[in-house]
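Visitor: Generate coordinates for the sequence data below:
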Amino acid sequence: MKMIRNFMLILLSFCIVTFADTEFAQPAPAIDNQRQIIFSIHSGDDEAIHHVLSSANNVLKFYGPENVEMKIVAYSKGIKTLEKKYKDIALRVRALMLLDVEFVACGNTMRTKNIKKEELIEDSEIVTAGIVEIIERVKEGWINIIP
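Guide: Numbers count the residues shown, from 1 in each chain. As a prediction, this is how the structure comes out:
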């Protein structure tokens, strides 16, 4: 009897969590009130890169791409994210670009590692310093997510 009761409690808890409505902070996200989110990628580890890209994708799926303005800044070893030669990563980056996610490359990192603009995925934006890009977006009210 105790086992059945525990099972029912677990099932009830699962249903409450699963079917509970999400309450958005006000004002709720909409096209004219987009969530502004910035991610950074500084690791060259494939798993870490894919984790950030998956997290970004999850945010887009939850809110809907029309309700999110998103930038992903790649600097230091994370610049690998935007290099064409890493085909599996480049495929995911291009897919996110189709959802209007902006990808930003750190110019300082590119100079340090001798990476040319032509080596980056098309439509990647280049800024002088990736860290400064993050600072400026946060100062403007963007949400900085570090998965």
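Visitor: Could I have the CA atoms of stretch 74-81 written out in PDB?
Guide: What follows is stretch 74-81, C-alpha atoms only, in PDB (Å, rounded to 0.1, in the frame of the first residue of the first chain):
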ATOM      1  CA  ALA A  74      33.000  33.500 -29.900                       C
ATOM      2  CA  TYR A  75      36.400  34.400 -28.500                       C
ATOM      3  CA  SER A  76      39.700  32.800 -27.400                       C
ATOM      4  CA  LYS A  77      39.600  29.100 -28.200                       C
ATOM      5  CA  GLY A  78      35.900  29.300 -28.800                       C
ATOM      6  CA  ILE A  79      36.600  31.100 -32.100                       C
ATOM      7  CA  LYS A  80      36.700  27.600 -33.500                       C
ATOM      8  CA  THR A  81      32.900  27.800 -33.500                       C
END
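Visitor: Show me which helix or strand of this structure is least confident by mean pLDDT.
Guide: The weakest-scoring helix or strand in the chain, judged by mean pLDDT, DSSP states H and E, is helix 2-19 (a mean of 45).
Visitor: Contacts made by the helix or strand residue 54 falls within with the rest, please.
Guide: Of the helices and strands defined by DSSP states H and E, residue 54 is found in helix 46-63. Outside helix 46-63, the residues within contact range by CB atoms under 8 Å, 6 or more residues apart in numbering are 29, 35, 37, 39-41, 43, 68, 70, 72, 78, 80-81, 89, 92-93, 96, 99, 101, 145, 147. The way it works is simple: take the backbone N, C-alpha and C, and place the C-beta from them, glycine included.
Visitor: Now list the buried members of these.
Guide: With neighbours counted by 16 or more other CB atoms under 10 Å, the contacts of helix 46-63 contain buried members at 29, 35, 37, 39-41, 43, 68, 70, 72, 78, 80-81, 89, 92-93, 96, 101.
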